[in-house]
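*Asks:* Sequence first, predicted coordinates after that:
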Amino acid sequence: MPLAVTNSNEDLLPTTITRARYGVSDMTIFRWLADPKLEFPQPIRINGRRYWRLADLQAFEARQAKKEAA
């Protein structure tokens, strides 16, 4: 399993960890990315692989929690 890429500015999570974080399949991630209303963060591509900024995922989670609370 790939580990998260870290540096002093940001943490990047690969697709496998992002999928595991939400307990979803790659197809679900694909659908989330295609749905503009959901506002799921776009990945960063490095050597053809997708990575998500941890801060972007946390902001997405906060928006979802706010929607559920309303």
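*Replies:* Great, that's in hand. All figures in this text were calculated on a predicted structure; none of them were measured in a lab.

*Asks:* I'd assumed Tyr51 was in a strand, is it?
*Replies:* Yes. Looking at Tyr51 with DSSP: H, G, I helix; E, B strand; the rest coil, it is inside a strand.

*Asks:* Please name the residues that touch it.
*Replies:* 5, 12-15, 43-45 (Cβ atoms under 8 Å, 6 or more residues apart in numbering). The way it works is simple: take the backbone N, C-alpha and C, and place the C-beta from them, glycine included.

*Asks:* Which SSE is immediately downstream of the worst-scoring helix or strand of the chain on mean pLDDT?
*Replies:* Least confident helix or strand, the chain: strand 5-6 with a mean of 60, by mean pLDDT, DSSP states H and E. Sequence order places strand 11-14 as the next helix or strand after strand 5-6, per DSSP states H and E.

*Asks:* Let's see that next one as CSV, backbone CA atoms only.
*Replies:* The C-alpha trace of strand 11-14 is given here as CSV (Å, rounded to 0.1, in the frame of the first residue of the first chain):
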residue,chain,number,x,y,z
ASP,A,11,0.5,16.1,2.8
LEU,A,12,-0.6,14.2,-0.4
LEU,A,13,-2.7,11.1,-0.2
PRO,A,14,-2.6,8.5,-3.0
